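Peer 1: show me how the following folds:
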Amino acid sequence: MAKRPPAPQSVYRRQLAPKLKALREAIPGMTLAAVAEAVEITQGSLSRIETGQRGTTPVLVKALLDHYGVTDPEVREDLLDLVRADNAQRNTWWRKYSALMAPTQYSGYVALESSATSLHSYEAQLIPGLLQTEDYARAVISAMRVDLDARSIEDLVEVRMRRQEMLNSDEPPKLWAVIDEAAFRRLRGTPAILEGQLRHLMEMSLRPNIVVQIAPFVIGLHPASYGSFMRMGFPDPTPAVVWVENLTKSVCLETAEDVETYDEAFDHLRARALGPPETRARITEMIKEFRPSDQRKA
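Peer 2: Next up, the predicted model:
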C-alpha cells in the first residue's frame, strides 16, 4: 500500500519548525540525539517537531530554549506565541468533522485556507468551493462522494458553508478565481439551483477582494491543463503553498520551485481568460440560457 503523504502543517508550525532547527544547528555539536536525551524525548519526536510534522507544547519549547541558552525574552515569547497559536488552531470549528475529513486531509486544507491572505484558484470542472451556494454544494458533494450517507453529505455541506465565512470577515483574503468554461457546462439539474449559483457568483465577483474570470473553450490548451489547484499566500515570513487533490488524496506543495511553477501557469491563464467585466456578461448570458424556455419568453 502506498504511503499517504504527511498532513500539511499549520501556518504557525511552518514558522516555528525552522526556527527551532536553526537554533539547534547554530550550536556546534548540538545533534538531534544529544538534545533529545537532554530534554527527555525521542530523537524521532524532536526530528518531527523540527520538520513541522508534529506539534509541541510550551513546556517542551521552554526546555529547548533553556538548553540552547536562549535568554532574550522577546525571542522566547515570539516562539512560544507560535506554539500557542498552533495548538489553538487544532481546536477550531472543523475539529468535530475530523473523522469525515481525514481521508483526503481536508482538515489540513481548511487550516491553511483559514490563515491565507491571498487565494489563487483554478477550477477545471466545478465552481470553487468558496463561491458555491448551499444547494450547488449539496449537489456536487452528493455526486462526487457516493460512498457517504445523507448525514455525512450534510456535514460536508456545512463545512463548505462555514469555510465561506472568512470572505465576510473584517479583513477577508484576496480571492482570484479562474473557472474553466467546462465547469459551467456541467451545471445541470434543477433550474433554480443553477440560476441561484450563477447569480451568487455574479454578486461575489463584484466584491473588491474577489476577482472571477472564465477561461473559455476558445483559448484552447494552456499551462494549467493538468488540472485544478489552489495557491495560498500567507503573511510574511510564511511561504506560499499550492494544494492539489485527486480522488483519494491531497498533496500540499511547499517548495519555492513548485509554487513558482504554479504561479507562472496561473499568470498565463488569467492573462488569456475573459476579463472580469466580460466574465460577468457571459454569466448573465448563461443565466438566460439555463432558464426554462417558458421563462425565457416571459
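Peer 1: burial check on the nearest residue to Asp86 once chain neighbours are set aside, number of neighbours?
Peer 2: Once flanking residues are discounted, Asp86 sits nearest to Tyr12: 4.1 Å by C-beta to C-beta, 6 or more residues apart in numbering. Every residue, glycine included, has its C-beta placed from N, CA and C. Using other C-beta atoms under 10 Å, Tyr12 has 22 neighbouring residues.
Peer 1: tell me where the stretch 51-200 of the chain has helices.
Peer 2: 58-68, 73-89, 98-101, 106-113, 134-144, 150-163, 181-185, 191-205 (DSSP state H, counting those that start in this stretch).
Peer 1: pick out the shakiest of these, pLDDT-wise.
Peer 2: Lowest mean pLDDT of those: helix 98-101, a mean of 73.
Peer 1: summarise which helices and strands that helix is packed against.
Peer 2: Helix 98-101 sits against helix 106-113, helix 150-163, with contacts defined as 3 or more C-beta pairs under 8 Å, 6 or more residues apart in numbering; DSSP states H and E.
Peer 1: what does that helix contact?
Peer 2: Here helix 98-101 makes contact (C-beta atoms under 8 Å, 6 or more residues apart in numbering) with Trp94, Ser107, Val110, Ser152, Asp155, Leu156, Val159.
Peer 1: let's see that with 7 Å instead.
Peer 2: Contacts to helix 98-101, defined as C-beta atoms under 7 Å, 6 or more residues apart in numbering, come from residues Trp94, Ser107, Ser152, Asp155, Leu156.
Peer 1: and it, what's buried?
Peer 2: Leu100, Met101 (16 or more other C-beta atoms under 10 Å).
Peer 1: for stretch 67-75, same thing?
Peer 2: Quick answer for stretch 67-75 (16+ other C-beta under 10 Å): His67.
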